[in-house]
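**Q** I would like the atomic coordinates for the input below:
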Amino acid sequence: MGKINVAIIGVGNCASSLVQGVHYYRNVQEDAFIPGVRRPNLGGYHIGDIQFVAAFDIDKNKVGKDLAEAIYTSPNNTYKFCEVPQTGVKVHRGMTHDGLGKYLSQIITKAPGSTANIVNILKETKTDVVISYLPVGSEAATKWYVEQILDAGCGLINCIPVFIARENYWQERFAERGLPVIGDDIKSQVGATITHRVLTRLFREQGVKLERTYQLNFGGNTDFYNMLERERLESKKISKTNAVTSQLDYNLGPDNIHVGPSDYVPWLTDRKFCYIRMEGTTFGNVPLNLELKLEVWDSPNSAGIVIDAIRCCKLALERGLAGSVVAPCACFMKSPPIQHTDDAARRMLDEFIAGNINETLPSKKQVARHVRSPKK
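**A** Predicted coordinates:
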């Protein structure tokens with residue numbers, strides 16, 4: 001069915017794992033089992049059909065380098081499971097705005113020169129899908145980039161907890177341009193949030209009343225270093241908390257749940273440790289407590305999910321879907337426009353891939369009333 005041209009904003013650990021993964025599995029057989037990927041061929045697109053055509057960053061040690069070299073450049077410190085050959089894709093100088101916080105500015109120096117012409121680059125490379133891997137808390141930078149993406153006529157996968165796909169304003173902006181968006185805040189294959197969600201749902205389905213819970217996370221990558229600046233955490237905490245509480249049909253109360261990062265431990269590199277505690281009551285109001293420790297390599301844990309999201313975004317483009325695409329958002333993201341249980345979201349995604357569900361927000365009727373810009 002052709003190729004999927006992909007651009008990346010933010011060439012950090014997550015971008016490294018994604019680029020490595022696409023190369024690692026590019027020739028895999030269509031009946032192969034791939035951990036973390038729904039299937040090698042999704043909707044007619046094989047993993048090998050994904051090709052990276054543009055990349056943007058602000059780090060002087062990455063800007064100007066080939067993408068294959070930049071993904072291994074410090075402060076990136078994730079697991080290297082594949083040697084990626086030269087891609088011919090140069091990392092362009094991106095926009096900073098609030099993308100470089102108090103702590104990241106201590107280890108990252110901005111590249112000299114002006115911001116590249118993002119819109120022209122996306123058009124010239126015929127980019128289909130743009131992936132945002134900006135740092136947590138990049139509110140202004142995210143919105144600036146979204147405007148460039150809209151002007152360039154691309155689909156967006158928003159992997160960070162700056163709310164775009166779930167907000168009416170941005171849904172309508174994408175609808176006006178006839179473009180799809182999948183967001184917000186990417187889930188991992190088996191990460192802290194999905195584990196906490198599933199356990200919360202298990203408690204509810206088995207009749208255990210969850211009364212108090214916490215989720216504490218720490219690691220050694222730049223994401224955790226950036227999140228030492230607590231002012232940047234508001235949307236992240238909202239995203240992770242709502243992902244858990246959405247699995248309950250009652251209000252747990254803000255004092256009875258705490259979800260969020262707790263600290264940065266440099267020697268852990270891209271490993272993430274998660275501690276979850278859940279306190280509830282069973283039959284006869286007898287206490288039941290659960291504790292769990294999860295250790296993962298943070299960035300590879302979400303790369304397979306993004307591979308599936310890329311192919312779903314391309315399908316949405318082909319089908320002329322505009323606005324937030326409900327099924328992929330619900331399955332892949334912590335803060336989708338509409339929350340579903342994970343089982344329900346997976347069933348919806350299968351129906352979307354088959355072409356049976358094409359729900360968007362705004363609705364089809366609302367989208368039809370918008371004036372669409374010409375396609376690229």
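**Q** any idea which element Asp223 lies in?
**A** helix 222-226 (DSSP states H and E).
**Q** pLDDT of that helix, averaged?
**A** Average pLDDT, helix 222-226: 96.
**Q** which other helices and strands contact it?
**A** The helices and strands touching helix 222-226, judged by 3 or more C-beta pairs under 8 Å, 6 or more residues apart in numbering; DSSP states H and E, are strand 257-264. Bear in mind the C-beta positions are built from the backbone N, C-alpha and C, glycine included.
**Q** residue most distant from the centroid, the protein?
**A** Ranked by distance from the centre of the chain (C-alpha atoms, centre = their mean), the top residue is Gly284, with 41.8 Å.
**Q** SS state for that residue?
**A** helix (DSSP: H, G, I helix; E, B strand; the rest coil).
**Q** name the residues that touch the helix holding Asp223?
**A** Contacts of helix 222-226 from elsewhere in the structure, counted by C-beta atoms under 8 Å, 6 or more residues apart in numbering, are 12-13, 75-76, 101, 103-104, 107, 135-137, 217-218, 232, 261, 263-265, 272, 298.
**Q** looking at this protein, which helix or strand is least sure?
**A** None of the helices or strands of the chain scores lower by mean pLDDT, DSSP states H and E than helix 364-368, at a mean of 68.
**Q** what backbone torsions are found at Ile50?
**A** Ile50 adopts backbone torsions of phi -80, psi 130, taken as degrees, to the nearest 10.
**Q** can you check the one 5 residues further on too?
**A** Recorded main-chain torsions at Ala55 are phi -150, psi 150, according to degrees, to the nearest 10.
**Q** I'd guessed it sits against Val89; true?
**A** Yes: counting by C-beta atoms under 8 Å, Ala55 touches Val89, with 5.8 Å between them.
**Q** report the buried residues of stretch 265-279.
**A** 268-274, 276, 278-279 (16 or more other C-beta atoms under 10 Å).
**Q** what comes into contact with it?
**A** Stretch 265-279 has contacts (C-beta under 8 Å, 6+ apart) with 13, 77-79, 191-192, 195-196, 199-200, 203, 210-221, 224, 287-299, 301.
**Q** go with 7 Å
**A** Here stretch 265-279 makes contact (C-beta atoms under 7 Å, 6 or more residues apart in numbering) with 13, 77-79, 192, 195-196, 199, 203, 210-221, 289-299.
**Q** excluding chain neighbours, what is closest to the residue nearest the centre of the chain?
**A** The residue lying closest to the centre of the chain (C-alpha atoms, centre = their mean) is Cys159, at 2.3 Å. The shortest distance from Cys159 to any non-neighbouring residue, by C-beta to C-beta, 6 or more residues apart in numbering, is to Ile186 (4.1 Å).
**Q** and the contacts of stretch 265-279, which of them are buried?
**A** Neighbour counting with 16+ other C-beta under 10 Å marks 13, 77-79, 192, 195-196, 199, 203, 210-211, 213-221, 294, 296-299 as buried within those.
**Q** just the residues you listed: which are in strands?
**A** 210-211, 213-219, 294, 296-297 (DSSP state E).
**Q** now those as TSV including pLDDT?
**A** Converted to TSV, those look like this (pLDDT from 0 to 100):
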residue	pLDDT
Leu210	98
Glu211	98
Thr213	98
Tyr214	97
Gln215	97
Leu216	97
Asn217	96
Phe218	96
Gly219	97
Leu294	98
Val296	97
Trp297	98
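**Q** now the two most distant members of these.
**A** Glu211 and Trp297 (32.8 Å; C-beta to C-beta).
**Q** buried ones in the longest helix seen in the chain?
**A** If you go by DSSP state H, the chain has its longest helix at helix 300-318. Using 16+ other C-beta under 10 Å as the test for burial, helix 300-318 gives 300-317.
**Q** secondary structure element for Gln181?
**A** If you look again at residue 181, you'll see it is Val, not Gln. Applying DSSP H and E, one finds Val181 within strand 180-182.
**Q** whoops, I mixed them up, Asn289
**A** Using DSSP H and E, Asn289 falls in strand 287-297.
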